[in-house]
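Visitor: generate coordinates for the sequence data below:
(chains A and B)
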Amino acid sequence: MKNKITQNLGFFLLFFSIITTLFFLGAIIYFISVNGLKVINWEFLTQVPRKGMTEGGIAPAIVGTFYLTFGAILFSLPLGLACAIYLCEYSPKSYVVNIIRMSINNLAGVPSVVFGLFGLTVFVKFFGFGVSILSGSLTLGIMVLPQIISASQEALLAVPQSYREASLALGATHWQTTKKMVVPAALPGILTGVILSIGRVAGETAPILFTAATYYTRGYPDSVFSEVMALPYHIYALMTEGTHPEKQTEIAYGCSLVLLILVLLVSTLAIVLRQRQRGEL
Amino acid sequence: MKELSKSRINTGKIVALLLLVMLICFSMPVNSFSADNSITITGSTTVLPIAQNTAEVFMDRNPDVNISVQGGGSGVGIASLIDGTCDIADASRPIKDKELEKAVSRGIDPTANVIAMDGIAVIVHPSNTATALTEKQLKDIYTGKISDWSQAGGSGGKIVVISRDSASGTFETFNKLALDKVRVRPDALMQASNKAVATIVAKTPGAIGYVGLGYLSSNVKALFIDGVKPSNETVLTGDYVLARPLFMYTNGKPTGYVKAFFDFVLSEEGQKMVENLGFVGLK
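Guide: The predicted structure follows:
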């Protein structure tokens, strides 16, 4: 009887935790929506800011965030995947590899603003890319690299050993096995890593603060060396440097909602993709 | 399974190709991309609204020019001018000797262009009998040493102190020019805009507040500070103490599109916009 009570209490606590978590998620979506929906309309999404950033839209910021995210994934996915494949499939199980693993995990713990400063010193100044999409994408890419590596690693490790053995037994080389068996089988897991990275990259402010973002520009980027407006930075700038708080706070909420929806859309798309891949396997 | 792996190879090729493109960008010579029809403005958040608003109208007139405006602060602006990462550095203070030395050592010639004056008027309710304050009295009021109008040339009554929130450029200016960066008394009412300060002061008999000179109206009374009346003239002559010039630094004299932009900012229309933003125009 006593055990039964303890069990019920345990279940209740677990259930309560779930409710609390969902409550916060719901609260975020609710408050951002209530405040943001007021300003969102077609013009808001397609126009440039006007009248001292109090009217018009946020189109340059949406475009900028898209470019930055795309660039970051473009840079970090191949590199991260290659690292993960090497670590899982090819590297000898040695002391050195353990140190490499540990370093990558440590890289994941570096605060994002530190990546921002690093990007400023290395990409903006040393390489001379200036404040640009390129600098920002590379900085963001490096920031999510550990995340992509560990997600890919986990996905690769989850592929049953029997797949590899079967392939090798049929006379395939190590490379053929990796390319045709292991990586395709791990793809859904790798995609999950990319999904999470996209969400993180799109929402980060600190890394692009010094490397890519600008307060106001009207033109759309014409090369990777253009500086861009970006949604997270736009929110930050409106709240800290704006001169018309009444109107600009509303726009900031609108931006937040757009950012939230964009990230959710990308995630949903990738989740659907992953489910389909799983189905095919 | 076969289908899948086939499609994967193709995506692999595409990714490799895109990576190659990225690498080519990497190896591009550094200066080949600074197209001269784009202007980058960075610096003081006080000057930011002037830069942003004038840039907006300037781009309407000159669609082939793209101006990018960033904040960050005067120090950031001057540092990027020295690094060559911006064309115009906004600053609410003159360049420091150290910065000048660094600039010279890098072959940069920071040239000061005054584009407006920042003047702050101290305002009270029109019925208030006080007409003038000394700088010291003003400081004492805002830091909490004086809290009754009888100590400040008025006819008595509690002083209601109104200030701007610390994110505002006006606050920054006032704090520096009038308070020597001492903290404002904690019970001061913080308002988010010049307009809000003016509105509250106009409604509250014991209130004191400060606004950019552009926000003065007949609803409030501007006090003389150290015997000088705040006006565009006294700000421009330098007699009024709560004022400072606002700069846009360039490397050497402005040329090309940058010069065209300055011509616009300093034109009658540009200066009109400056005044609409609460600053003092140069004409």
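
Visitor: for the residue of the stretch 1-150 of chain A found nearest chain B, helix, strand, or coil?
Guide: Nearest residue of the stretch 1-150 of chain A to chain B, counting by CB to the nearest CB: residue A:128, 3.8 Å away. All C-beta atoms are positioned from the backbone trio N, CA, C, and that covers glycine. Of the three states, residue A:128 takes coil under DSSP: H, G, I helix; E, B strand; the rest coil.

Visitor: per-residue pLDDT, it?
Guide: Residue A:128 is assigned a predicted lDDT (pLDDT) of 85.

Visitor: list the helices and strands the helix or strand hosting residue B:42 packs on?
Guide: Element membership for residue B:42 (DSSP states H and E) is strand B:38-43. With contacts defined as 3 or more CB pairs under 8 Å, 6 or more residues apart in numbering or on different chains; DSSP states H and E, strand B:38-43 has these neighbours: helix B:48-61, strand B:66-72, helix B:74-83, strand B:88-91, helix B:256-266.

Visitor: which parts of the longest one are buried?
Guide: In other words, helix B:48-61. B:48, B:49, B:50, B:51, B:52, B:53, B:54, B:55, B:56, B:58, B:59 (16 or more other CB atoms under 10 Å in any protein chain shown).

Visitor: quick one: the third one from residue B:43, how far?
Guide: Distance of residue B:50 to residue B:43, given as CB to CB, to the nearest Å: 11 Å.

Visitor: give me the common contacts of the two.
Guide: The contact sets of residue B:50 and residue B:43 overlap at residue B:90 (CB atoms under 8 Å, 6 or more residues apart in numbering or on different chains).

Visitor: returning to that earlier point: tell me which of the helices and strands packed on strand B:38-43 sits nearest to residue B:187.
Guide: helix B:48-61 (29.2 Å; CB to CB).

Visitor: report whether that closest one contacts chain A.
Guide: Yes - judged by CB under 8 Å from any CB of the partner chain, helix B:48-61 and chain A are in contact via B:48, B:49, B:52, B:53, B:55, B:56, B:59.

Visitor: got the buried residues of helix B:48-61 as CSV, with pLDDT and distance to residue A:122 columns?
Guide: Listed next are the buried residues of helix B:48-61 as CSV, based on pLDDT from 0 to 100; distance: CB to CB, whole Å:
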residue, pLDDT, distance to residue A:122
B:48, 86, 27
B:49, 86, 32
B:50, 90, 33
B:51, 91, 28
B:52, 90, 29
B:53, 90, 34
B:54, 93, 34
B:55, 92, 29
B:56, 90, 33
B:58, 92, 33
B:59, 90, 32
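
Visitor: give me the below-cutoff pLDDT ranges for the chain.
Guide: Chain wasn't specified; assuming chain A. Counting by pLDDT under 70, chain A contains low-confidence ranges at A:242-243, A:277-281.

Visitor: that answer is for a different chain, and I need it for chain B
Guide: Across chain B, the ranges flagged by pLDDT under 70 are B:1-36, B:167.

Visitor: relative to chain A, how far out is the residue lying closest to residue B:252 once chain neighbours are set aside?
Guide: Leaving aside its sequence neighbours, residue B:252 sits nearest to residue B:109 (CB to CB, 6 or more residues apart in numbering or on different chains; 4.8 Å). Per CB to the nearest CB, to the nearest Å, residue B:109 is found 20 Å from chain A.

Visitor: am I right that residue B:109 is in contact with residue B:100?
Guide: No - Residue B:109 lies out of contact with residue B:100 (CB atoms under 8 Å); the separation is 9.8 Å.

Visitor: could I get the contacting residues of residue 201?
Guide: Picking chain A for this. Residue A:201 touches A:68, A:69, A:72, A:73, A:140, A:141, A:143, A:144, counting by CB under 8 Å, 6+ apart.

Visitor: hmm, I had chain B in mind actually
Guide: Contacts of residue B:201 by CB under 8 Å, 6+ apart are B:123, B:124, B:125, B:162, B:207, B:208, B:209, B:220.

Visitor: mind doing that once more with 7 Å?
Guide: B:123, B:124, B:125, B:162, B:207, B:209, B:220 (CB atoms under 7 Å, 6 or more residues apart in numbering or on different chains).

Visitor: chain center to the strand or helix carrying it, what's the gap?
Guide: Assigned by DSSP H and E, residue B:201 belongs to helix B:194-203. Per CA atoms, centre = their mean, to the nearest Å, the displacement of helix B:194-203 from the mean C-alpha position of its chain is 21 Å.

Visitor: stretch B:107-123 now?
Guide: 9 Å.

Visitor: what does chain A put close to chain B?
Guide: A:50, A:52-53, A:74-75, A:78, A:124-125, A:128, A:130-131, A:134, A:180, A:184, A:214-219, A:223-225, A:227, A:237, A:240-241, A:243, A:245, A:280 (CB under 7 Å from any CB of the partner chain).

Visitor: derive a PyMOL selection command for the buried subset of those.
Guide: This is how PyMOL selects the buried members of the residues of chain A next to chain B, with burial counted by 16+ other CB under 10 Å:
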select buried, chain A and resi 52+53+74+75+78+124+125+128+130+131+134+180+184+214+215+216+217+218+219+224+225+227+237+241+243+245
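
Visitor: hey, where'd the strands end up in chain B?
Guide: Taking DSSP state E to define them, one finds strands in chain B at B:38-43, B:66-72, B:88-91, B:110-111, B:114-124, B:132-133, B:160-164, B:189-191, B:207-212, B:221-222, B:224-225, B:243-251.

Visitor: just tell me which of the ones you listed ends up closest to residue B:266.
Guide: strand B:114-124 (6.6 Å).

Visitor: tell me the angle the closest one makes with helix B:194-203.
Guide: Inter-element angle recorded for strand B:114-124 and helix B:194-203: 30 degrees (by axes from the mean of the first three to the mean of the last three CA atoms, to 10 degrees).

Visitor: pull the contacting residues for residue A:70.
Guide: Residue A:70 neighbours (CB under 7 Å, 6+ apart): none.

Visitor: of the contacts of residue B:201, which is the nearest to residue B:265?
Guide: Nearest to residue B:265 out of these is residue B:123 (CB to CB; 27.8 Å).

Visitor: how many neighbours does that closest one have?
Guide: Close neighbours of residue B:123, defined as other CB atoms under 10 Å in any protein chain shown, add up to 26.

Visitor: run through the bridge partners of it.
Guide: residue B:209, residue B:222 (DSSP bridges).

Visitor: so it touches residue B:209, yeah?
Guide: Yes - under the criterion of CB atoms under 7 Å, residue B:123 makes contact with residue B:209 at 5.4 Å.

Visitor: in what helix or strand does residue A:164 lie?
Guide: Residue A:164 is part of helix A:161-169, with elements assigned from DSSP H and E.

Visitor: circling back: how about the residue of the stretch 1-150 of chain A closest to chain B, phi and psi?
Guide: Dihedral pair for residue A:128: phi 70, psi 30, per degrees, to the nearest 10.
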